[in-house]
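> My questions concern the predicted model and sequence given below.
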Amino acid sequence: MAVDLKSLYIEEIEELLKEMGEPKFRAKQIFSWIHGKKVSSFDEMTNLSKALREKLAERMYLSKLEIVDKKVSTDGTAKYLFGFEDGNVIESVLMRYSYGNAVCVSTQIGCRMGCTFCASTLDGLERNLTAGEILSQVYEISNDIGERISSVVLMGSGEPLDNYDNVIRFVKLLNSRDGADIGQRHITLSTCGLADRIDRLKAEDLQITLAISLHAPNDEIRNQTMPVSKRYDMETLLFACRQYAEETKRRITFEYALIKGVNDSADCAKELASRLKGMLCHVNLIPVNDVKERDYIRSSEDKIKSFADILQARGIETTVRRKLGSDINASCGQLRRSYISKK
Ligand code: SAH
């Protein structure tokens, strides 16, 4: 299969050009067309000769995403439906904050983790996205609004650590000086808790923020909503998290979706606080969002506040996630791969 040039590091492009008998400096030109100017065809690379552009197009391609649909929320959040050349679709979200534009990217088409509260997993996993396809979500949104994107969260459809190599490549390319130049500290990777991959990530020596979808204070409750917890129990997961925080000195975010009657009691809050004690971390509470196939109900405002108070009184820094884009089904857990149902 031809190579997706958008997924390659500059050194790899140099290598390919060398094989083609082309000078090394062309790699930098090509790289900056793709990642700096964000073009999606060889024809737009006007400082390359037509002959070279044709030669490139014969052996390589640039993965492309097309905006199939865009919905804008009353709060300014926009949900993009992107179409691939193979007919698949994915969703990505643009969030506008006072400090800049953030994009939430999908890392897989569908997901196989099976969390019971999440829409992304309803039809299982179709395939992994390549690094270029994940990057394209950021580039296309930036092109569409004509503005810079200043931060990226890997919190769309898919489990990033289940698509490990492509995701690491994506982070490094997104971070590159000649590309989008988004600082690693402005990139957040969220995982449902593949503990062995967290160990591997630790060794990559990245400065990104790691977020863990915890959603329960113990295995008994976690087993009910997150099948992954049968593979990695909480003790294993939290051990990996503690080591990650200690070695990288990066504060971990624990995401906790509050579901009425499932995980929102005072006892749950106390148990959670005791398990996280002493770790460099903070808890981000998310009032659970509606997924029409499920009948989970979000906890009341009072319940959320008292849950947060219990954690805070025990020394665990806690925030409540602001709900963005819920009128267009763009909130956490509401992204999905089939759009037929929405037509
Ligand atoms: N697979 C990764 C990335 C998804 S991130 C992960 O599990 O972390 C999306 C975040 O939204 C995760 O914390 C996920 O658990 C959470 N989420 C999923 N469904 C939700 C829902 N219905 N309401 C609120 N949060 C939800």
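Structure received.
> OK, now which residue of the protein is nearest to the ligand?
Taking Cβ to the nearest ligand atom, the ligand has its nearest neighbour within the chain at G333, 1.9 Å off. Every residue, glycine included, has its C-beta placed from N, CA and C.
> Assign that residue to helix, strand or coil.
Three-state assignment for G333 (DSSP: H, G, I helix; E, B strand; the rest coil): coil.
> same deal with Y244?
helix.
> mind checking how far it is from T209?
Distance check for Y244 against T209: by Cβ to Cβ, to the nearest Å, it reads 11 Å.
> again with S176
Distance of S176 to T209, given as Cβ to Cβ: 19 Å.
> before we move on, what about S274?
Distance check for S274 against T209: by Cβ to Cβ, it reads 24 Å.
> Quick one: name the residues of the stretch 1-150 of the chain near the ligand.
Contact residues (Cβ under 6 Å from any ligand atom) of the stretch 1-150 of the chain with the ligand: M113, C115, F117, C118.
> burial of the first one, as a residue count?
Looking back up the chat, that one is M113. Residues near M113, counting by other Cβ atoms under 10 Å, number 23.
> Settle this for me: it is touching P227, isn't it.
Yes - in this structure M113 lies within contact range of P227 using Cβ atoms under 8 Å: 6.9 Å.
> who touches both of these two?
When Cβ atoms under 8 Å, 6 or more residues apart in numbering defines a contact, no residue borders M113 and P227 alike.
> ok, the residue positioned nearest the centre of the chain - contacts?
In the chain, the residue lying closest to the centroid (Cα atoms, centre = their mean) is L154, at 1.0 Å. By Cβ under 8 Å, 6+ apart, the residues touching L154 are C104, V105, T107, P160, V167, I187, T188, L189, S190.
> Dump the residues you listed into CSV; add pLDDT and secondary structure as well.
As requested, these are exported to CSV (pLDDT from 0 to 100; DSSP: H, G, I helix; E, B strand; the rest coil):
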residue, pLDDT, secondary structure
C104, 97, strand
V105, 98, coil
T107, 98, coil
P160, 98, helix
V167, 98, helix
I187, 98, strand
T188, 98, strand
L189, 98, strand
S190, 98, strand
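> what's the strand of greatest length in the chain packed up against?
Across the chain, the strand with the greatest residue count (assigned by DSSP state E) is strand 89-97. Contacts defined by 3 or more Cβ pairs under 8 Å, 6 or more residues apart in numbering; DSSP states H and E place strand 89-97 against strand 78-83, strand 100-104, helix 131-145.
> Looking at the contacts of L154, spot the one nearest L214.
S190 (10.8 Å; Cβ to Cβ).
> A257 is in contact with the closest one, correct?
No - the criterion here is Cβ under 8 Å, and S190 misses it with A257 at 11.9 Å.
> which residues are in contact with both of those two?
Common contacts of S190 and A257, defined by Cβ under 8 Å, 6+ apart, comprise S213.
> quick one, which of those two is more surrounded?
For S190 versus A257, the count of surrounding residues by other Cβ under 10 Å is larger for A257: 27 against 22.
> re earlier: now the residue nearest to the centre of the chain. Its backbone dihedrals?
Dihedral pair for L154: phi -90, psi 80, per degrees, to the nearest 10.
> With mean neighbour count added, can I get the helices and strands packed on strand 89-97 in a markdown table?
A markdown table is the format used below for those (neighbours: other Cβ atoms under 10 Å):
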| stretch | mean neighbour count |
| --- | --- |
| strand 78-83 | 20 |
| strand 100-104 | 21 |
| helix 131-145 | 22 |
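> any chance of the ones you listed in TSV, plus distance to D205?
Listed next are these as TSV, based on distance: least, Cβ to Cβ, whole Å:
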stretch	distance to D205
strand 78-83	31
strand 100-104	24
helix 131-145	19
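> Quick check: residues of the stretch 151-300 of the chain near the ligand?
For the stretch 151-300 of the chain, the contact set with the ligand under Cβ under 6 Å from any ligand atom comprises M155, E159, S190, T191, C192, S213, E255, A257, I286, V288, N289, V291.
> Is there a quick PyMOL command that grabs whichever of those are buried?
The buried residues among those can be selected in PyMOL (16 or more other Cβ atoms under 10 Å) with this line:
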select buried, resi 155+159+190+191+192+213+255+257+286+288+289+291
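> Determine which two of the residues of the stretch 151-300 of the chain next to the ligand are furthest apart.
Greatest spacing in these, by Cβ to Cβ: T191 and V291 (19.8 Å).
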